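>>> okay, sequence plus prediction incoming.
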Amino acid sequence: MVETDPFRIRGHVADFDAIVDDLRVRSAATRSALPMKADIAYGDEPSERLDVFIPEDANGGAPVHMFFHGGYWRMFSKNDYSYIAEGVVAAGAIAVIVDYALMPAVRLATIVDQVRRARRWVADHIGEQGGDASRLSVSGHSAGAQLATCLFSDDAVPSGIKSALLLGGVYDLEPLQDCFLKSEIGLTDAEVDAFSPCKRTHDPATSVSILVGARETEPFHAQADAFARYLTEQGSKVSQTVIVARNHMDAVRDLGDPNSITGRCLTRMIASAA
């Protein structure tokens, strides 16, 4: 059966489950190989935890990079994306991989509040781990890209975020109200208005890299283009990259590989934030 819903990623990526399994295997290997401090609390709820991966030669004042996973706000966890730290640490930065609660058990307002409190934890405590909170960059994949924008928009301005990498992101939430997610998370009109990045004011001091896989479905390309124009009109410095021969899932798998196109973009962004 041909998949007609452009937002149902599983229907457009034939090896979806194999890639997810690979991410989890890679992430377990990363947690075994890299120096880390796991499950640090940034709040009282069990989901309010983050992992910090520290370069072996870090001796204070290291740049810091936060990553937010996707899954349409209703699946995955930080443990599935530990491998992202490989590319971050290789670039000489401290990696902060953030967990958050999942819909529909909570609403989007709760998740946005959580990622903002995780950022405050970094501002207050990353110096204890050898990092410099003034050298902070962020990235996010899919719904995680939407969450990453919450750190440099509206009441977060001025944000202190030097740069952001947004991969395969959703920036206008309205189309998600009529896709397969309607029965799973049921985004409300109020959530669309409050949390669509295309409806917010962003910090023009944050340089933004917008990436999308060449093999993504049309809405992801359209949203990337529209959001790039929107940010440019607000005065932000924006770059766009279409990742050759990559879909929604193998593009994010590449983010942990500093030799891939996506990984090189991440390395350059971290360097620019330094």
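Good, I have the coordinates.
>>> list the helices and strands whatever helix or strand Ala145 lives in packs on?
Using DSSP states H and E, the secondary-structure element containing Ala145 is helix 143-149. With contacts defined as 3 or more CB pairs under 8 Å, 6 or more residues apart in numbering; DSSP states H and E, the secondary structure elements packing on helix 143-149 are strand 62-68, helix 108-125, strand 131-141, strand 161-167. C-beta here means a position set from N, CA and C on the backbone, and glycine is covered the same way.
>>> got a markdown table for these, with mean neighbour count too?
What follows is these, written out as a markdown table (neighbours: other CB atoms under 10 Å):
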| stretch | mean neighbour count |
| --- | --- |
| strand 62-68 | 27 |
| helix 108-125 | 18 |
| strand 131-141 | 24 |
| strand 161-167 | 26 |
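>>> could these go into JSON lines alongside mean pLDDT and distance to Arg264?
Conversion of the helices and strands packed on helix 143-149 to JSON lines gives the following (pLDDT from 0 to 100; distance: least, CB to CB, whole Å):
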{"stretch": "strand 62-68", "mean pLDDT": "97", "distance to Arg264": "15"}
{"stretch": "helix 108-125", "mean pLDDT": "98", "distance to Arg264": "24"}
{"stretch": "strand 131-141", "mean pLDDT": "96", "distance to Arg264": "13"}
{"stretch": "strand 161-167", "mean pLDDT": "97", "distance to Arg264": "11"}
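>>> and the contacts of the helix holding Ala145?
In this structure, residues lying in contact with helix 143-149 by CB atoms under 8 Å, 6 or more residues apart in numbering are 66-73, 100, 111-112, 115, 138-140, 164, 166-171, 173, 195-197, 200, 202.
>>> out of the helices and strands packed on helix 143-149, which is closest to Asp178?
The closest of the helices and strands packed on helix 143-149 to Asp178 is helix 108-125. By CB to CB, the value is 16.9 Å.
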